[in-house]
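Q: could you look at this predicted model? Sequence included:
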Amino acid sequence: MSYFYVVGFALKVGQLLLMLWGWIISLISMSWFINGGIMSTKNDLLGDGRKLWLVWWDKISAYKIYNFYFEYFSPKRFRKSWWRNLLVTWVLIGTLFSMWVFWYMNSQALEKRKETLASMCDERARMLQDQFNVSMNHVQAMSILISTFHHAKNPSAIDQGTFARYTERTAFERPLTSGVAYAVRVLHSEREHFEKQQGWKIKRMDHSDQVPVPKGVYDGEESEAPEPSLIQPNQEEYAPVIFAQETVAHVISIDMLSGKEDRDNILRARESGKGVLTAPFKLLKSNRLGVILTFAVYKIDFPSNATPDERVQATDGYLGGIFDIESLVEKLLQQLASKQTILVNVYDTTNLSSPISMYGSNEFEDLLEHVSPLNFGDPFRKHEMRCRFKQKRPWPWLAITTSYGILVITLLVAQIFHATMNRITKVEDDFQKMRELKKRAEAADVAKSQFLATVSHEIRTPMNGVLGMLHMLMDTDLDVTQQDYVRTAQASGKALVSLINEVLDQAKIEAGKLELEAVRFDLREILDDVLSLFSGKSQDKGVELSVYISDKVPEMLIGDPGRFRQIITNLMGNSIKFTEKGHIFVTVHLVDEVMDMTEVEKESSWQNTLSGLPVADQSKSWAGFKILNPEGSNSSVSSSSDTINLIVSVEDTGVGIPLEAQSRVFTPFMQVGPSISRTHGGTGIGLSISKCLVGLMNGEIGFVSVPKVGSTFTFTAVFTNGGNSSYSQKIQQINQQSGYKEFQGMKAIVVDSREVRAKASRYHIQRLGIQVEVVIGLSHGLSVMSSGKKVIDMVLVEQEVWDKDLGMSALFVSRLMNFDQGVPPKVFLLANSVNSSRNGHATLGNYYPYVIVKPLRASMLAASIQRATGAKNRGNYRNGELPSLSLRSLLLGRKILVVDDNNVNLRVAAGALKKYGADVVCADSGKKAISLLEPPHQFDACFMDIQMPEMDGFEATRRIRDMESKINGRIQHGEMLKEAHKDISRCHIPIMAMTADVIHATNEECLKSGMDGYVSKPFEAEQLYREVSRFFV
């Protein structure tokens, strides 16, 4: 009775579990299938193999699916017309599935039984084959022994007694042989002498005993073998047995050539030089089934590479090993514990149509059979072992019970189907609510993008006016206090614009709309600009700021300079923010240079740094980069002769990043601690944006940071080699007035005891064309100058070396004052700030060396040297901008149309262009721009705002391009004379987009509408120069 209670309780628990399972499946499947969740998980669940299905699914309207579902699968209609059909389908599927499970598990069990039989059969075949090989090797060794001690000795060292005792004592080494015998080769002419010598007549073998036994003929019963008869006297040669093991001593004096099987065996053995086997036959005396392994015995001086004829001539005799197959296989099987599990049959399958059974019975119950090949060393004879189980296969109870259980579960699920459908009704109601929420979320996302675009435009537009007017105000006569106020206002405005840009960049990243440009740019000029940006802060803190770019990095690259500048600015800005002493060092190398690690490891050592302070090991910052790993060569980035893989490191000696905060460094809007934003400022999204930009450049970014030591950020980026082009040559011609030709051939000495810092200084000085030699001290510098081998034009001394020994510094100055080899070289002091260079001046009398305040840049170095040498300053550099004279040479006399609906923006743009000599005409709408640019006109370029009332800049540009296209077409077809448009180039006026909307006004959209360039508000002289120079150079 208790048994039934247990069964009933188990059924109740199973029913509850199945109800829970059905409820979960119905909830997930219905909501996932209907609300479009299949689309959000298509990459994970469907994979690449169902892309066609996804394309078809995308084409189906969600509204149609929604209506179809509620038309045919609504609760009432579904319960009336579909429940019964669905229930029958479920039961049918469950039944078929249970049958499939039974078939699968049954087939698996059968396959396992086959594998077990194969393993056992292969094991027995391997053991039989291995033992046969041992016996065969020993028989072959005996043939060599007979050749050596019987035929090579005179008189022979072996007789029948010796041979019998030896073979009996060594029988354990031949476990499969029942006897060994040796037959000597006797020619017909030697027969009479041989028979007299042996004392017996050569006898022939009964022919019936040498016939192979066909399959099924031999029944294992013993019969009395007939006595051998005398040999016929008409044979050419004989092979009588002269030595034999005691077990087969009855074969002595029998001619082995008289039996057909033995004759064939002997002839093949002496021609091949290998052991050969006979077909199974009844052995003499024992009348049991066996085979004979025969080896030819050759003369001892027989060559190994002899021909078959030479082998026959060199044959002395034949050694045979007799194998009683039945007893041997039985002994082998008795060694195995599972010998009763399977039945073993051994066959000679040389003749496939009629195989010969060598061992075993043909009576069996199980039809499953496995065949294992046997290799006994004779390629002519084929053997195999066939195995079967003794007992029939048992019933597959596991498959039966499992399939029956699945069938029971299917019926239980059908029982609770009604409850599941009630749950579906609730899921449908939830689906309607989720669908509404999804619509609201999508609308909110669109509203967010529109809000960001609108706010961007509305904030940047007045900021453009503020910054533009402040820039124009700086060109007026202001006292020192007023200039300080204007600079402060400009810095605040630029900080606000930078914050807006970061927020908008983050929005672009989230929307997947961030794009990169592909323009030619100078990497060294960009880093000079960034150095100029942070030079004031580094000088105020006394932090040394330096850049080194490897000579192997090309001069011009193709990529997005603005985004590269943004990454460097973010990383250096963080370093400046968190570094109070020491240095910030930026290095740029090719990835190939870093692979060997020799030079970079030297730079990263604690004993050899820019400031002498310890730094974090920068090699750990790129430890996880795929491109630097051995398998990184197979990365997705295509490598070619024009591809440039850069690795950039920004090293500082700041406070470092706490270990607990390092995992969230690249998380947007996350900072190290709650007081960081109050202490150092910032929004916490710079590194997140930098990581995204590095990814767009097919690179990787990483860092290593040690608290209270410093941090090193490293990233890679892929660019294209810019090479030399007419464009870059023209730019160089424009910059000739600020070039460095006057420094060509000059020689300088850099005095610095730190190798890394000296290397960075040499890099900047060599950019001017000056030959540089580095020495570690002032005394070494005096030695170089006094040697007279080269004329030194200038000496650049590191502030640390100068202040370390003021007495040596005074001696150095005194020697220079009394320099007797022409004009003494100019002395420059490399200092981190102006104040740090004043301490040692008092001890030098009236001599004051020229001071160059770091960070070093090519333009600043050139200006300092020009002032010291009295040469004319060829350019007025301001934060790395191009000379104003170059921009003026481009715009002077050019007639430019500026189109903007905002009066302030018109004034700012017009003022910036007029400053450089351009003739500016303003228009406040797209329609006016179309009327002014209707061919023929006298304008050289047009700056057009994008967002304007009535007609935006895109539409206005399209209409202008349509007018130009019509004019060009009429000229080409001869409908209009060329004299009416003498300057054909005027029929395509350069139009540059000018807008504050940095989300929608992308370069792709501008090009699509026919524009030639893009300038974001607020713009400065450098932006104008970069765009205008594309058309006026």
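A: Okay, I see it.
Q: wait, isn't Lys854 in contact with Glu544?
A: Yes - counting by Cβ atoms under 8 Å, Lys854 does reach Glu544; the two are 6.1 Å apart. In short, each C-beta sits where N, CA and C put it, glycine included.
Q: mind listing the shared neighbours of these two?
A: 538, 832 (Cβ atoms under 8 Å, 6 or more residues apart in numbering).
Q: more neighbours: those two, which one.
A: Using other Cβ atoms under 10 Å, the more surrounded residue of Lys854 and Glu544 is Glu544, with 28 against 25.
Q: tell me who's in contact with that one.
A: Counting by Cβ under 8 Å, 6+ apart, Glu544 makes contact with 538, 582-584, 610-611, 757, 832, 854-855.
Q: any idea how far it lies from Ala831?
A: 10 Å (Cβ to Cβ, to the nearest Å).
Q: one more: Gly377?
A: Relative to Ala831, and taking Cβ to Cβ, Gly377 is found at 92 Å.
Q: quick one: which of the two has more around it?
A: Ranked by neighbour count (other Cβ under 10 Å), Gly377 and Ala831 place Ala831 first, with 24 against 16.
Q: what's opposite the more buried one in the beta bridge?
A: Assessed by DSSP bridges, Ala831 has beta-bridge partners Val853.
Q: pLDDT score for it?
A: Looking at Ala831, its pLDDT stands at 87.
Q: just to check, it is in contact with Val851?
A: Yes - with contact defined as Cβ under 8 Å, Ala831 reaches Val851; the gap is 5.6 Å.
Q: sorry, back to before: put the buried members of the contacts of Glu544 into a ChimeraX selection.
A: Buried residues among the contacts of Glu544 (16 or more other Cβ atoms under 10 Å), as a ChimeraX selection:
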select :538,582,583,584,610,611,757,832,854,855
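Q: now the contacts of Glu544 as TSV including secondary structure and distance to Ser663?
A: Formatted as TSV, the contacts of Glu544 follow (DSSP: H, G, I helix; E, B strand; the rest coil; distance: Cβ to Cβ, whole Å):
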residue	secondary structure	distance to Ser663
Ser538	helix	30
Gly582	coil	26
His583	strand	27
Ile584	strand	24
Leu610	coil	29
Ser611	coil	29
Arg757	helix	34
Asn832	coil	35
Lys854	coil	35
Pro855	coil	33
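Q: for the contacts of Glu544, which one is nearest Asp316?
A: Within those, the smallest distance to Asp316 is 91.2 Å, found for Leu610 (Cβ to Cβ).
Q: tell me how far Phe1032 lies from Arg520.
A: When Phe1032 is compared with Arg520 (using Cβ to Cβ), they lie 17 Å apart.
Q: I meant to write Tyr1014 there.
A: Tyr1014 is 16 Å from Arg520, by Cβ to Cβ.
Q: do the same with Ile202
A: When Ile202 is compared with Arg520 (using Cβ to Cβ), they lie 104 Å apart.
Q: of the two, which one has the most company?
A: Taking other Cβ under 10 Å, Ile202 and Arg520 do not tie; Ile202 has more neighbours (24 against 16).
Q: hmm, the more buried one is touching Ser253, no?
A: Yes - with contact defined as Cβ under 8 Å, Ile202 counts as touching Ser253 (6.3 Å).
Q: what do the two both touch?
A: Joint contacts of Ile202 and Ser253 (Cβ under 8 Å, 6+ apart) are Pro240.
Q: first-to-last residue distance for stretch 164-178?
A: In stretch 164-178, first residue to last residue: 13 Å (Cα to Cα, to the nearest Å).
Q: what about Ser546, helix or strand, and which?
A: When elements are defined using DSSP states H and E, Ser546 is found to belong to strand 544-549.
Q: tell me, how many residues neighbour Gly702?
A: Using other Cβ under 10 Å, Gly702 has 19 neighbouring residues.
Q: name whatever forms a beta bridge with it.
A: Thr714.
Q: enumerate every residue touching it.
A: Each residue near Gly702 by Cβ under 8 Å, 6+ apart is listed here: 621-625, 713-715.
Q: can I get stretch 431-443 as PDB, trimmed to CA atoms?
A: Written as PDB, here are the backbone C-alpha positions of stretch 431-443 (Å, rounded to 0.1, in the frame of the first residue of the first chain):
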ATOM      1  CA  PHE A 431       2.500  42.200 -24.400                       C
ATOM      2  CA  GLN A 432       0.300  45.200 -25.300                       C
ATOM      3  CA  LYS A 433       1.700  47.100 -22.400                       C
ATOM      4  CA  MET A 434       5.300  46.300 -23.400                       C
ATOM      5  CA  ARG A 435       4.600  47.300 -27.000                       C
ATOM      6  CA  GLU A 436       3.400  50.700 -25.900                       C
ATOM      7  CA  LEU A 437       6.400  51.100 -23.700                       C
ATOM      8  CA  LYS A 438       8.700  50.100 -26.600                       C
ATOM      9  CA  LYS A 439       7.100  52.800 -28.800                       C
ATOM     10  CA  ARG A 440       7.600  55.400 -26.000                       C
ATOM     11  CA  ALA A 441      11.300  54.300 -25.600                       C
ATOM     12  CA  GLU A 442      11.900  54.600 -29.300                       C
ATOM     13  CA  ALA A 443      10.200  58.000 -29.400                       C
END
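Q: mean confidence for it?
A: 88.
Q: list the buried residues for it?
A: For stretch 431-443, by 16+ other Cβ under 10 Å, it's 431, 434.
Q: try stretch 354-368
A: In stretch 354-368, counting by 16+ other Cβ under 10 Å, buried: 355-360, 364.
Q: for stretch 148-156, same thing?
A: Neighbour-count burial for stretch 148-156, with 16+ other Cβ under 10 Å as criterion, is recorded at 150-151.
Q: what's the span of that stretch from first residue to last?
A: OK, stretch 148-156 end separation, Cα to Cα: 9 Å.
Q: tell me the mean pLDDT for that stretch?
A: What stretch 148-156 shows for mean pLDDT is 85.
Q: and it, how far out from the chain's middle?
A: Distance of stretch 148-156 from the chain centroid (Cα atoms, centre = their mean, to the nearest Å) equals 73 Å.
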